[in-house]
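*Asks:* The following comprises the amino acid sequence and a computationally predicted model.
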Amino acid sequence: RQSDHCHDLRDDVLSTSNSESLAGGPDGRARPRQIGSLHVEVLSCHGLPREETVANAINLSDGSGGAVVYLVAGSNAFCTDIIPGIKDHFWLRKTKRAVVFPLCHPYARLYAGVFDADSNDFAGRAMVDVAELRPNSLYNVTLPLRQTAQLYTRRGRGTIQLRFKLEWEDEKAAVLSYLPPNLNANPVSVPCGDKVAFRNVARTVHGGDMHGKWSRPIMKATTKELKLYKKHTKALMRQVIKDISGWVKPTFSLYVFWAWMHCVYRASMALVLPYVFGFVILWLVRNYAIYVIGSSRYMGYAPVTIHELLYALLSSRKGSKNHIRPLEVEKSIQLDGPPMPQQPLLAKLYASLGLVNEEEVLEGNGYHMEFPFSDGERHRKLTVAESYAKDAPVKEETQHSSSKGQITEDELMKFDDDSNHDGSDGV
């Protein structure tokens, strides 16, 4: 059910009387124009980790332990009520769990951080990209918690269930807000009531590893990511050359053949650079056709398409028709794909041009974007059960985490030249 009370931050100012509610804009600077709002509700948290300390053992025995969630969007922050519990926490409709964030640009992000109310231990964070949401659509999702934003690891930290809805006051203003008003961007600041709130807000946005602070796991993860880029780039280049020479993708093979013959006919190397740029644009259109228009990995939660942004940009001001369509919810059998809000004519157009085929359409099971070049076969997506924190200590978990038929963290990002890696870090 909907919450009985919703804290509206659109017309709120910084209040020092309540340290749990943090709102306001940058000091001394005018607030940018508000173009929309984001309604967020915290429903529950499951499988949260518990540190083995004497204080937590006492709290677990008498039931005084609890969890609190911080929500941050732009220069506004919000803190929920403290819900007692051990690993599972539920925010009922009469509790302080709902908030409305003002939005000044469509590329904003919603951060959710979960903390222990007694010791302020950081359980984990989750992030929602507003640019991938559709307006006037109610989302109810369960997200895995991550302790850091710079490392990928399969160690469970629990999950958080959020319900949110995006609303734009003017679609054209939302699209035009992508253009910066000036080249000198002002830093975003979140006013906080005390030191504890400042620490929790910082960890909610940046995670456990702050930017600019050196750490050995971050250095190892960065080195692994560079190796990953190097190996996958070489493999991709070899595969593209092989497909073009073998006419696996006729559209790209015909384009390269035409460019080659045109350069030979004109006897000019000056035409190579324009054709290279044209090939890059054609490849980007192909990626858009595969991963946005013709992909089932969104399971119906598809982002806004380019043609919808163009229609919204060319439309008139307030009161005009909404060109960005909401999500379509309908019953379908298991064999049918999820309902997609895109126009079916665009998918047929890309297929007729040879930019996408059935073999290149990604399956919805396993593909994720937690780190570059992830796929469902080697780097399968975490399930809700796998996201739960284990009761055993961390050292025992890392030593005995391998199970039959599952990829361990040691094998997740293994390379030929890091056989001595202990598997305690990720990418």
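*Replies:* Perfect, I can see it now.
*Asks:* For the nearest residue to Ile306 once chain neighbours are set aside, what is the enclosing helix or strand?
*Replies:* The shortest distance from Ile306 to any non-neighbouring residue, by Cβ to Cβ, 6 or more residues apart in numbering, is to Tyr288 (7.2 Å). No exception for glycine: its C-beta is placed from N, CA and C like everyone else's. In this structure, Tyr288 sits in helix 272-288 according to DSSP states H and E.
*Asks:* Likewise for Ser119?
*Replies:* Assigned by DSSP H and E, Ser119 falls outside every helix and strand.
*Asks:* One more: Asn140?
*Replies:* Using DSSP H and E, Asn140 falls in strand 138-144.
*Asks:* could you give the mean pLDDT of that strand?
*Replies:* For strand 138-144, mean pLDDT rounds to 90.
*Asks:* Tell me the helices and strands packed up against it.
*Replies:* The contact analysis (3 or more Cβ pairs under 8 Å, 6 or more residues apart in numbering; DSSP states H and E) places strand 138-144 against strand 122-129, strand 159-168.
*Asks:* what's the closest of those to Ala98?
*Replies:* strand 159-168 (8.8 Å; Cβ to Cβ).
*Asks:* Next, find the distance separating the closest residue to Gln2 other than its chain neighbours from Leu143.
*Replies:* Excluding its sequence neighbours, the residue lying closest to Gln2 (Cβ to Cβ, 6+ apart) is Arg93, at 6.7 Å. Using Cβ to Cβ, to the nearest Å, Arg93 is found at 21 Å from Leu143.
*Asks:* same thing with Leu327?
*Replies:* 18 Å.
*Asks:* before we move on, what about Val201?
*Replies:* 19 Å.
*Asks:* If you count surrounding residues, which of those two has more?
*Replies:* Val201 (21 against 17; other Cβ atoms under 10 Å).
*Asks:* Check which helix or strand the more buried one maps to.
*Replies:* Going by DSSP H and E, Val201 is part of helix 195-206.
*Asks:* contact partners of that helix?
*Replies:* If you take Cβ atoms under 8 Å, 6 or more residues apart in numbering as the criterion, helix 195-206 is touched by 19-20, 22, 70-72, 77, 79, 111-113, 115, 120, 122, 125, 149, 190, 192, 210.
*Asks:* Send me it as CSV with only the CA atoms.
*Replies:* Output of helix 195-206 as CSV, limited to C-alpha atoms (Å, rounded to 0.1, in the frame of the first residue of the first chain):
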residue,chain,number,x,y,z
LYS,A,195,29.0,14.6,11.5
VAL,A,196,27.2,11.3,11.5
ALA,A,197,24.8,12.4,8.7
PHE,A,198,27.7,13.8,6.7
ARG,A,199,29.6,10.5,7.0
ASN,A,200,26.6,8.4,6.0
VAL,A,201,25.7,10.6,3.1
ALA,A,202,29.3,10.5,1.8
ARG,A,203,29.3,6.7,2.0
THR,A,204,25.9,6.5,0.3
VAL,A,205,27.2,8.4,-2.7
HIS,A,206,30.8,7.2,-2.9
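*Asks:* Next secondary structure after it?
*Replies:* helix 216-245.
*Asks:* list the helices and strands the helix or strand just after that next one packs on?
*Replies:* Next along the chain after helix 216-245, taking DSSP H and E as the criterion, comes helix 250-266. Counting contacts by 3+ Cβ pairs under 8 Å, 6+ apart, helix 250-266 packs against helix 216-245, helix 272-288.
*Asks:* mean confidence score for helix 250-266?
*Replies:* pLDDT averaged over helix 250-266 gives 93.
*Asks:* buried ones in it?
*Replies:* Phe252, Ser253, Tyr255, Val256, Ala259 (16 or more other Cβ atoms under 10 Å).
*Asks:* Asp81 belongs to a strand, doesn't it?
*Replies:* No. Read with DSSP: H, G, I helix; E, B strand; the rest coil, Asp81 is coil and lies in no strand.
*Asks:* Hmm, it is touching Lys94, no?
*Replies:* No. Here Asp81 lies out of contact with Lys94, judged by Cβ atoms under 8 Å, at a distance of 9.7 Å.
*Asks:* now the helices: where do they sit in the stretch 251-400 of the chain?
*Replies:* 272-288, 306-314, 344-352, 394-399 (DSSP state H, counting those that start in this stretch).
*Asks:* cool, and the stretch 1-150 of the chain?
*Replies:* Counting by DSSP H, counting those that start in this stretch, the helices of the stretch 1-150 of the chain are 54-62.
*Asks:* give me the low-pLDDT residue ranges for it?
*Replies:* By pLDDT under 70, the low-scoring segments of the stretch 1-150 of the chain are 11-31, 51-65.
*Asks:* where do the strands sit along it?
*Replies:* 6-8, 21-22, 36-46, 66-73, 76-79, 83-84, 89-90, 98-103, 109-116, 122-129, 138-144 (DSSP state E, counting those that start in this stretch).
*Asks:* Go through those and name the closest to Ala385.
*Replies:* Judging the strands of the stretch 1-150 of the chain by Cβ to Cβ, what sits closest to Ala385 is strand 36-46, at 9.8 Å.
*Asks:* Who are the contact partners of Leu43?
*Replies:* Phe90, Trp91, Arg97, Asn140, Gln161, Leu162, Arg163.
*Asks:* List buried residues within the residues you listed.
*Replies:* The buried subset of the contacts of Leu43 (16+ other Cβ under 10 Å) comprises Trp91, Arg97, Gln161, Leu162, Arg163.
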